[in-house]
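Chemist: any chance you could fold what I've pasted below:
(chains A, B, C and D)
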Protein chains: 2
Amino acid sequence: MKVRPQQLQAFLAVAETRHFTQAAENLGVTQPSLSKRIGSLESELGAAVLTRSRGRIELTDVGHTLLGHARRITAAHEAARADIDDVLAVRAGRLRLGATPSLCSWLIAPLLVRYRETHPGVTVALTEGGSVQLTERLAAGDLDLAFTIGDVAAETGLAVRPLLAEALVVASAADLPPLTDRDHLHLAQVREQPFVLPAHGYDLRHLTIATCEAAGFTPASAVDGGATDAVASLVAAGLGIALLPAMIAADAPGLRAAPIAPPGASRTIALAARADTPLTRAADAFAASLEAHLTDLHAWGRLPEGMRAL
Amino acid sequence: MKVRPQQLQAFLAVAETRHFTQAAENLGVTQPSLSKRIGSLESELGAAVLTRSRGRIELTDVGHTLLGHARRITAAHEAARADIDDVLAVRAGRLRLGATPSLCSWLIAPLLVRYRETHPGVTVALTEGGSVQLTERLAAGDLDLAFTIGDVAAETGLAVRPLLAEALVVASAADLPPLTDRDHLHLAQVREQPFVLPAHGYDLRHLTIATCEAAGFTPASAVDGGATDAVASLVAAGLGIALLPAMIAADAPGLRAAPIAPPGASRTIALAARADTPLTRAADAFAASLEAHLTDLHAWGRLPEGMRAL
DNA sequence: CACTTTGCATGCCGATAGGTTATGAAGGTG
DNA sequence: CACCTTCATAACCTATCGGCATGCAAAGTG
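Modeler: Numbers count the residues shown, from 1 in each chain, chains lettered A, B, ... in the order given. Below you'll find the predicted structure:
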């Protein structure tokens, strides 16, 4: 385990040309240098690999044995070089991305389209889950990047970059009378209304409670539990009202959305990564692609209703 | 093409243990040395392969890409080492042997049996042919060793080692009267007899003519041409007499063999190899085995009739 | 047959890589 | 807060490598 690539390279060059001087030229070194390379190779192997009978270079038995191995080894070196260069140029690699279900459709999908155009060699694995689960998997090293909701505790060793503030609206059933006749309402106006609360573990549950408490009351739960789209369905069925992200409320059928009076309420969409580990090239390129995408959206005024860049 | 095996070794050790100090111990070097190996590897690759966030060593994307290649390369190194060691110990290898047909049975066969017992890993390729053809193939590098008949011209760059002198006898048909009633005859006694001469290209033809001329006459040919066993058949049929090696005359049916009076005549069996190229280990071991075999034959008095060690 | 040419090996020197010891910085621990 | 662990860095030494000049042996040449 001391045979250097240059020694194998020298051996292969001589084995091919059967000529020291010529092989040295091909390698761009002087002939004595190449002689020494071969010499050191042979002393390390403990046997001659070439016969230098004047004017006739031949491989010894050991040389023949070495030849195939030397070819394989140098080929493996070159393959390694090529693969690494691909990774460095983000022509290859792996991106393990996490996102909450509510972000996958409108934000993630176009982002991935854009990303794959510029980096087609990267294989992308997308994991959906709640913010807590995502940050755990991030910290465990199962993910490279994750889109999270809310201000993730930075103490877990994560670097969190806020991206967007998405307005929360008060959702109610479309076939019931509006909660207000104004174009927005104060939360205090709905303090007596029964709420449909998302299940434990959903970011939106904590956000709803925290927002209401900031407005001076604790929301009464008509129904407690359910995923985000279940909450939307229950509200549409008239079982209660709920605070929902503007994008979700706009998409769900049978809902009426009432903006909250200034300063309003919002949830924060952020990009998280491990703080102690540098990003992979693929992840770094994705983050760059994301920045560019958001900048484009902002510049062209294409940010969805209720969305604000940070 | 500058990545040294030691660097890959260091990388693999750290990748396995996730621990510099421990990996350094496993490799039997100090920790700073291993750090420098990794450092130089990374600077040559142009990218980090490990993340050293205090107390947590991880592979980077480049590191993951390198890992498989590094394993393959080091495995290839070890395989090369093992193969070469096999060749050096003559546990593996190739032996390309040439011999004249007349030698294959009684000399070559037991030799190969003995050789394969001690060196079962060596693959032996046996080529039969005339001395001229064998020496040509030897000089061309198609053979490692060849058993030849007669004094092969040493000018062709061959090293020839005489092994045995095989007596020539005068062969005649068994159903004809003996050429002499003595237990041996002088060649001059058969100067008027018609000879069966082997074809051009056979060593025996030149040997016959030279031997007769040394006795003062040129043999008259009754039949001119044919392989050695054809000559034996023709002589047995009574078409003429011939000079034949003692071993062949003894084996062929229907022949009467008359020894030649002292100093007699003989052909030389020799072992030839290229002079400018060292023997392969397999060939060297075969030559040693041959010497031992001949020594044994001589010591035990088992040399065939008419055979004399040189 | 002397002379030149060819082709690889060798000796010497400067640069560099690799090793060891000692030391420093950073994070965890009693 | 002193101390330990762990990796990086510095200083130093040696081995090695590459280049230049040269040597030596064999083959070609006049």
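Chemist: where in the stretch 51-200 of chain A is pLDDT low?
Modeler: A:55, A:151-156 (pLDDT under 70).
Chemist: residues from it in reach of chain B?
Modeler: A:51, A:53-54, A:56, A:58, A:60-62, A:65-66, A:69-70, A:72-74, A:76-81, A:83-84, A:86-88, A:92-94, A:141 (Cβ under 8 Å from any Cβ of the partner chain). C-beta coordinates here come from the backbone N, C-alpha and C atoms, glycine included.
Chemist: got a ChimeraX select line for the buried ones in these?
Modeler: Of these, the buried ones go into a single ChimeraX selection, burial set by 16 or more other Cβ atoms under 10 Å in any protein chain shown:
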select /A:58,60,61,62,65,66,69,70,72,73,74,76,77,80,83,84,86,87,88,92,93,94
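Chemist: take the residues of the stretch 51-200 of chain A next to chain B and keep only those in helices.
Modeler: Judged by DSSP state H, helices contain the following of those: A:61-62, A:65-66, A:69-70, A:72-74, A:76-81, A:83-84, A:86-88.
Chemist: how about the helix or strand containing residue A:15 against DNA strand C, any contact?
Modeler: Per DSSP states H and E, residue A:15 falls inside helix A:5-17. No: residues of helix A:5-17 are not located near DNA strand C by Cβ under 7 Å from any atom of the strand, the shortest gap being 7.7 Å.
Chemist: downstream of that helix, the next helix or strand is which one?
Modeler: With DSSP H and E, the next secondary element past helix A:5-17 is helix A:20-27.
Chemist: can that following helix be said to contact DNA strand C?
Modeler: Yes: on the criterion Cβ under 7 Å from any atom of the strand, helix A:20-27 is in touch with DNA strand C at A:20, A:21, A:22.
Chemist: just the strands in the stretch 201-310 of chain A please.
Modeler: A:220-224, A:242-245, A:255-259, A:266-274, A:307-309 (DSSP state E, counting those that start in this stretch).
Chemist: from the chain's centroid, how far away is the longest one?
Modeler: Going back to what we said before, that points to strand A:266-274. In terms of Cα atoms, centre = their mean, to the nearest Å, the centre of strand A:266-274 is found 13 Å from the chain centre.
Chemist: please see if that strand touches chain B.
Modeler: No: counting by Cβ under 8 Å from any Cβ, chain B has no neighbours in strand A:266-274; the shortest distance is 8.6 Å.
Chemist: who does that strand touch, helix- and strand-wise?
Modeler: helix A:131-139, strand A:145-149, strand A:158-173, helix A:203-214, helix A:281-299 (3 or more Cβ pairs under 8 Å, 6 or more residues apart in numbering or on different chains; DSSP states H and E).
Chemist: in the next helix-or-strand element following the third one, what's buried?
Modeler: By that I understand strand A:158-173. Next along the chain after strand A:158-173, taking DSSP H and E as the criterion, comes strand A:194-197. Residues of strand A:194-197 classed as buried by neighbour count (16+ other Cβ under 10 Å): A:195, A:196, A:197.
Chemist: the helices and strands packed on strand A:266-274: which one's closest to residue A:10?
Modeler: Closest to residue A:10 of the helices and strands packed on strand A:266-274, according to Cβ to Cβ: helix A:281-299, at 33.9 Å.
Chemist: same for the closest one, what does it pack against?
Modeler: Against helix A:281-299 (3+ Cβ pairs under 8 Å, 6+ apart) you get strand A:93-99, helix A:109-118, strand A:145-149, strand A:158-173, strand A:266-274, strand A:307-309.
Chemist: redo the ones you listed as a markdown table? Include distance to DNA strand C.
Modeler: Listed next are those as a markdown table, based on distance: least, Cβ to the nearest atom of the strand, whole Å:
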| stretch | distance to DNA strand C |
| --- | --- |
| strand A:93-99 | 24 |
| helix A:109-118 | 32 |
| strand A:145-149 | 22 |
| strand A:158-173 | 14 |
| strand A:266-274 | 14 |
| strand A:307-309 | 32 |
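Chemist: check these for me and report the most buried one.
Modeler: Most buried of the helices and strands packed on helix A:281-299, by mean neighbour count (mean count of other Cβ atoms under 10 Å in any protein chain shown): strand A:145-149, with a mean of 25.
Chemist: tell me what angle that one forms with strand A:266-274.
Modeler: With axes from the mean of the first three to the mean of the last three Cα atoms, to 10 degrees applied, the angle from strand A:145-149 to strand A:266-274 works out at 160 degrees.
Chemist: strand A:145-149 packs against which elements?
Modeler: Packing partners of strand A:145-149 (3+ Cβ pairs under 8 Å, 6+ apart): strand A:93-99, helix A:131-139, helix A:203-214, strand A:266-274, helix A:281-299.
Chemist: got these as TSV, with distance to residue B:225 columns?
Modeler: Output for the helices and strands packed on strand A:145-149, formatted as TSV (distance: least, Cβ to Cβ, whole Å):
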stretch	distance to residue B:225
strand A:93-99	76
helix A:131-139	90
helix A:203-214	104
strand A:266-274	90
helix A:281-299	80
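Chemist: show me the contacts for the residue of the stretch 101-250 of chain A found nearest DNA strand C.
Modeler: Scanning the stretch 101-250 of chain A for the residue nearest DNA strand C gives residue A:157, at 8.9 Å (criterion: Cβ to the nearest atom of the strand). When the contact criterion is Cβ atoms under 8 Å, 6 or more residues apart in numbering or on different chains, the partners of residue A:157 are A:139, A:274, A:275, A:276.
Chemist: now the end-to-end length of stretch A:299-310.
Modeler: 13 Å (Cα to Cα, to the nearest Å).
Chemist: domains of chain A?
Modeler: A:5-88, A:93-163+A:268-309, A:166-265 (automatic domain parsing).
Chemist: nearest to residue B:190, out of the helices and strands packed on strand A:145-149?
Modeler: Per Cβ to Cβ, nearest to residue B:190 of the helices and strands packed on strand A:145-149: strand A:93-99, 90.7 Å.
Chemist: buried residues, the very next helix or strand once past that closest one. List them.
Modeler: Downstream of strand A:93-99, the next assigned helix or strand under DSSP H and E is helix A:101-103. Buried residues in helix A:101-103, counted by 16+ other Cβ under 10 Å: A:102, A:103.
Chemist: redo the strands of the stretch 201-310 of chain A as CSV? Include mean pLDDT.
Modeler: Formatted as CSV, the strands of the stretch 201-310 of chain A follow (pLDDT from 0 to 100):
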stretch, mean pLDDT
strand A:220-224, 84
strand A:242-245, 90
strand A:255-259, 86
strand A:266-274, 89
strand A:307-309, 78
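Chemist: now these in JSON lines, with distance to DNA strand D?
Modeler: Listed next are those as JSON lines, based on distance: least, Cβ to the nearest atom of the strand, whole Å:
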{"stretch": "strand A:220-224", "distance to DNA strand D": "45"}
{"stretch": "strand A:242-245", "distance to DNA strand D": "44"}
{"stretch": "strand A:255-259", "distance to DNA strand D": "51"}
{"stretch": "strand A:266-274", "distance to DNA strand D": "18"}
{"stretch": "strand A:307-309", "distance to DNA strand D": "38"}
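Chemist: nearest to residue B:27, out of these?
Modeler: Per Cβ to Cβ, nearest to residue B:27 of those: strand A:266-274, 29.0 Å.
Chemist: what residues does the closest one touch?
Modeler: A:103, A:107, A:134-135, A:138-139, A:141, A:144-152, A:157-168, A:203-204, A:207, A:245, A:279, A:283, A:287, A:290, A:308, A:310.
Chemist: what sits against the residue of chain A most remote from its centre?
Modeler: Centroid-distance maximum for chain A: residue A:54 at 62.0 Å, with Cα atoms, centre = their mean. By Cβ under 8 Å, 6+ apart, residue A:54 lies in contact with residue B:276.
Chemist: ok, it to residue A:19 distance?
Modeler: To residue A:19, residue A:54 is 12 Å away according to Cβ to Cβ, to the nearest Å.
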